Structure formats: C-alpha cells, structure tokens
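Asks: Show me the folded form of this:
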Amino acid sequence: MVDIPSAPFDLPSSLLSKEVVECRTYTLPFVKNAVSCLQIGGSSLSSSTFKNVQLGSVAFTLEGIRRIYDGLTRIVQEQCDIELSGLVKRADQTDEEFAGVKAELRDQVFKVVVTVDFSDNSSKSESSRNVIDLEANGPHISRIYMSNVAPYKHRTGFEPEHRFGLLLDFSQPALLDASGSISSPTENLSGLTIGGPRDGWVAGIEATVKRQIFRRRPFRTWFHGSFVYDFFQMIIGIPFAFYLCWLSSDFINNQLPSTGHVIAAAAYIYLGFVGLWAYRILFSYTKWAFPLVEITDQSTRPALHRKVCWAIICVVSGKVFWDVADPMLSIRGMLAF
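Replies: Residues are numbered from 1 along each chain as shown. The predicted structure is shown next:
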C-alpha cells in the first residue's frame with residue numbers, strides 16, 4: 001500500500017483498500033488552493049470507453065450551440081453529483097465546512113469551458129453560454145471548442161476520468177491551394193471525443209450534441225471526401241476539355257492549316273489543358289463556397305459567393321447543352337416554329 005495524500009474528508013472504505021498502480025484520477029479534493037489528488041490503480045476501476053464522433057457536413061445555429069453548452073453543463077453537473085456522493089465527512093469537520101468543500105469542487109472543477117476563436121485571430125474563453133455570440137460588424141467565428149478537461153486539470157493536474165471535447169471548425173478550404181493534393185479530403189477538425197467508463201455519460205454527451213444539429217448535408221460530406229475531384233474529372237473535366245477542342249475546331253482547321261499540323265495539334269492540346277484547369281478552378285471554387293461546417297447566423301464570404309457559383313455552373317452547363325443537343329434535336333427549329 002502507498003500513502004494516500006491528506007484530504008479534507010474521508011474516502012469510502014472500499015476505495016482505501018485499492019492499490020495505487022497506475023496514474024488514474026478518481027476524485028480531486030482541494031481546500032485553500034492546495035490540491036490533493038488520489039490516484040487509484042487503473043486495473044481496479046471499470047474500463048473506460050473512448051469514442052470519436054465525426055460530424056460530417058452540418059450546420060448549426062448560435063442558439064443551438066448555446067443549447068449544446070447548457071446540455072453538456074447539466075451532464076457534467078450530474079457526474080459531479082455522482083462523484084461527490086462518495087465523499088465522507090471527516091470526524092473533525094463541521095457540516096458547513098464539508099458543504100463548502102463540495103460547493104468549491106462543484107464550482108471550480110466540474111464545469112464546461114467554451115473557447116471561441118474569431119477570424120481576426122482574437123479569442124474568448126469562459127464558462128458561460130454568453131461567450132457564444134456574434135457582434136454586429138464584428139469578426140466571424142472560426143472555431144468553437146467546449147470541454148470539461150481544462151478546469152479539472154487546472155485545479156488537480158490530472159484529466160478527469162469522464163471527459164469530452166467538442167470542436168466545431170468553421171474555417172473554409174483555400175480557394176486555390178497548390179500545397180496539397182486536390183484529390184485529398186477537405187481538412188476540417190470538427191469532431192466530438194468522449195471518454196469515460198459510464199455508458200450514460202458517453203450516450204448523453206453524444207445525444208446532446210447531435211440533437212442540436214440544424215441541418216445535415218450528406219452530399220456535401222461526400223463532395224469533400226477523397227477522390228471526388230478525380231471522379232468528376234472523368235465525367236465532367238475531360239469531356240469539357242474535349243468540348244472546348246470541338247468548339248474551337250472550325251477556327252483551328254480554317255486558320256491554322258498553313259502553319260502545319262504540329263501547330264494545330266499543339267492548339268488542341270493547349271485547349272485540353274485549359275479545359276482541365278478551368279474544371280480544377282471551378283471545383284476548388286465550389287468546395288470553398290460550400291464548406292463542411294457552418295453557422296447559419298453568420299454571413300461569410302463563401303455564403304455570399306454561392307449564387308455566383310451556381311450562376312457559373314448554370315451558364316456553362318446551358319452553353320454545353322445547347323451546343324451539343326441543338327444539332328441532334330434541332331432546338332433552333334423548334335423554337336422558330
């Protein structure tokens with residue numbers, strides 16, 4: 001047996017018989033800024049469940065995110081009640097002193113901290129739903145992070161056994177980024193991580209977050225995935241390059257024959273590359289205009305550009321359809337009739 005650090009209360013006798021074999025936090029008492037930690041062997045406690053939840057492409061409202069904070073705070077307080085119920089008052093301790101210790105633990109250790117990062121590189125961090133807000137004409141929210149780990153670890157030096165971390169990443173992919181492969185999935189750090197041996201804790205945290213999702217976008221989730229660029233390149237990009245060559249064939253055949261076949265062939269090759277680059281730019285622009293995770297309350301630049309993106313897609317698609325379908329369907333003749 002090892003010596004147990006002094007604490008302002010007595011622990012249940014069932015815990016005093018445990019041997020300390022690994023660093024595993026059970027309860028974290030402190031009085032007058034002095035922290036005393038009891039570490040119990042991990043093998044003697046029930047095994048923890050660790051779960052990573054991918055959110056995909058989703059939209060939240062600011063009020064919905066505030067409700068997530070409220071729900072997570074309630075669950076953390078419920079866990080606080082469970083853990084504090086195992087504390088036993090010392091013989092030389094009054095009821096008021098013991099109640100003060102429990103109140104201090106509840107207020108300073110078992111709480112949720114929200115960190116909000118803004119587009120101007122500023123940030124706010126509080127244990128309050130009011131920090132989740134947008135100022136008029138102020139910067140946009142780029143990330144929101146909620147967790148119960150920081151206050152617990154700050155006071156005790158150890159992470160809680162029941163913990164979670166929720167990151168909502170509202171950043172957009174680069175409009176034109178040559179630093180990585182365009183076939184790779186869009187980088188977005190949004191996700192939920194939950195750990196704890198109690199099943200009700202894990203299920204409650206996950207349900208609280210998912211319940212406040214305003215809109216799910218499965219197609220956008222797929223669109224930001226791997227090799228989507230290559231898929232659309234085969235069915236749109238390369239045919240569009242052939243279309244540009246066909247559209248310019250009269251000019252090339254009539255104006256460039258005197259320069260030789262090499263120049264004419266080079267012109268077709270060049271137009272093919274132009275078509276592929278046009279497709280690449282339009283694909284990147286579409287990913288930028290339709291990001292993975294959004295707040296419906298803030299009008300970001302991508303949100304304002306969606307109409308432009310749809311206009312470009314409609315104009316190009318209409319032009320291709322007209323030029324390809326008209327010779328086969330005689331659209332001009334039907335319109336004239």
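
Asks: Give me the most central residue, the protein.
Replies: Ser190 (1.4 Å; CA atoms, centre = their mean).

Asks: which residues does it contact?
Replies: Counting by CB atoms under 8 Å, 6 or more residues apart in numbering, Ser190 makes contact with 55, 58, 167-169, 292-293. Placement of C-beta: from N, CA and C, glycine included.

Asks: just Asp230 next, same as before
Replies: Ser183.

Asks: Surely it is within a helix?
Replies: Yes. Counting by DSSP: H, G, I helix; E, B strand; the rest coil, Asp230 is located in a helix.

Asks: Return the distance of it relative to Gln212.
Replies: As judged by CB to CB, to the nearest Å, Asp230 and Gln212 stand 35 Å apart.

Asks: now swap in Ser142 and tell me
Replies: Taken as CB to CB, the span from Ser142 to Gln212 is 19 Å.

Asks: which other helices and strands contact the helix or strand containing Arg74?
Replies: Secondary structure assignment for Arg74, by DSSP states H and E: helix 62-84. Where contact means 3 or more CB pairs under 8 Å, 6 or more residues apart in numbering; DSSP states H and E, helix 62-84 is packed against helix 95-108, strand 141-147, strand 163-169, helix 199-211.

Asks: gap between the second one and the chain center?
Replies: Okay, so that is strand 141-147. 9 Å (CA atoms, centre = their mean, to the nearest Å).

Asks: contact partners of the helix holding Arg74?
Replies: 27, 102, 105-106, 109-112, 114, 129, 132-134, 144, 146, 148, 162, 164, 166, 168, 198, 201, 204-205, 208-209, 211-214, 295, 297.

Asks: Out of the contacts of Ser190, which end up buried?
Replies: 55, 58, 167-169, 292-293 (16 or more other CB atoms under 10 Å).

Asks: quick revisit: so which of the helices and strands packed on helix 62-84 gets nearest Phe321?
Replies: strand 163-169 (37.7 Å; CB to CB).

Asks: That closest one: partners in the sheet, and parallel or antiparallel?
Replies: strand 141-147 (antiparallel), strand 191-196 (antiparallel) (DSSP bridges).

Asks: The stretch 201-337 of the chain: helices as residue ranges?
Replies: 218-223, 228-232, 238-247, 249-255, 261-289, 301-329, 331-336 (DSSP state H, counting those that start in this stretch).

Asks: looking at those, which has the lowest confidence?
Replies: Among those, helix 331-336 carries the lowest mean pLDDT, at a mean of 50.

Asks: Narrow the contacts of helix 62-84 to those that are buried.
Replies: For those, buried by 16+ other CB under 10 Å: 27, 102, 105-106, 109-112, 114, 129, 132, 134, 144, 146, 148, 162, 164, 166, 168, 201, 204-205, 208-209, 212, 295.

Asks: mind listing what's buried in the helix holding Arg74?
Replies: For helix 62-84, by 16+ other CB under 10 Å, it's 62, 64-69, 71-73, 75-76, 79-80, 83-84.

Asks: now stretch 167-185
Replies: 167-173, 182.

Asks: Could you identify the least confident member of the residues you listed?
Replies: Lowest confidence among the buried residues of stretch 167-185: Pro173, with 74.

Asks: Next, the contact list for that residue, please.
Replies: 186-187, 224, 284, 287-288, 291 are the contacts of Pro173 under CB under 8 Å, 6+ apart.

Asks: try Phe273
Replies: Here Phe273 is in contact with Ala241 (CB under 8 Å, 6+ apart).

Asks: Recalculate using a threshold of 10 Å.
Replies: 241, 244 (CB atoms under 10 Å, 6 or more residues apart in numbering).

Asks: same question, the one 5 residues further on
Replies: By CB under 10 Å, 6+ apart, Ala278 lies in contact with 237, 240-241, 244, 316.

Asks: Same list (these) but as CSV, adding distance to Phe273.
Replies: Converted to CSV, the contacts of Ala278 look like this (distance: CB to CB, whole Å):
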residue, distance to Phe273
Gly237, 11
Phe240, 12
Ala241, 8
Leu244, 10
Val316, 17
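
Asks: ranking those by neighbours, who comes first?
Replies: Neighbour tally across the contacts of Ala278 (other CB atoms under 10 Å): the maximum, 22 neighbours, falls on Ala241.

Asks: Val320 is in contact with that residue, correct?
Replies: No. With contact defined as CB atoms under 10 Å, Ala241 does not reach Val320; the gap is 11.8 Å.
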